[in-house]
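1. Have a look at this prediction, sequence included:
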Amino acid sequence: MTLHLDLLRHGETELGGGLRGSLDDALTAKGWEQMRGAVVEQGPWDRLVSSPLQRCARFADELGARLNLPVTLEKDLQELHFGAWEGQSAAALMETDADALGLFWADPYSFTPPQGEPVSQFSARVLGAVARLHQAYYGQRVLLISHGGVMRLLLAQARGLPREQLLNVEVGHGGLFSLQVEADGVLREGL
């Protein structure tokens, strides 16, 4: 059976752009608006699943209360941990670590930021979490509130992109995408 998984990226955060990773930033007023606007006339969902980081979880709690839906926090759907690069912008890294940043952008599976989480491990934890969601909620429609990296990974898989193109997948703040998750783990974009 199929799990219908809608993916919602958190909105703009207080500390701005850059590699936020495991930093637990709050949403700005604009970030709240982006997320609220994304879900207008969407659904209906059977449940909400969220990253535990506040930029996702606080919106999940608000939406769950408004729609009277259960909310589950899933730690394995947190963003990639960028290690020493957390909180830095690409522009700042171009000044201090341009060669390493270039290697990461060229193939994030082959280069790990200093003290960061390897993308292969990130992929395994995210895909493992999605497999558990399928097992628990197949036949349902779930809204997953998460991060740009999580969504890029899932969309790249659904689109059959080579691993080097992971960072080419565009996912804006408040972006909403739909996937079908099949029992064999195959991901397909759209409903």
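-> Here it is on my side, so go on. Residues are numbered from 1 along each chain as shown.

2. CA atoms for contacts and neighbours, from now on please.
-> Fine.

3. Pull up the per-residue confidence for residue 191.
-> Note on residue 191: pLDDT of 61.

4. what's the answer for residue 89, then?
-> Per-residue pLDDT puts residue 89 at 88.

5. residues in contact with it?
-> By CA atoms under 8 Å, 6 or more residues apart in numbering, the contact list for residue 89 reads 17, 18, 19.

6. run the last query once more with 10 Å
-> The contact partners of residue 89, by CA atoms under 10 Å, 6 or more residues apart in numbering, come to 16, 17, 18, 19, 20.

7. again with residue 82
-> By CA under 10 Å, 6+ apart, the residues touching residue 82 are 19-23, 88, 112-119.

8. can you list the weak-confidence ranges in this structure?
-> 191 (pLDDT under 70).

9. Filter the contacts of residue 82 down to the buried ones, ChimeraX style.
-> Burial among the contacts of residue 82 is assessed by 16 or more other CA atoms under 10 Å; the matching ChimeraX selection reads:
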select :19,20,21,23,112,113,116,118,119
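
10. related to what we said a few turns ago, widest-spaced pair of the contacts of residue 89?
-> The two members of these with the most space between them (CA to CA) are 16 and 19, at 9.3 Å.
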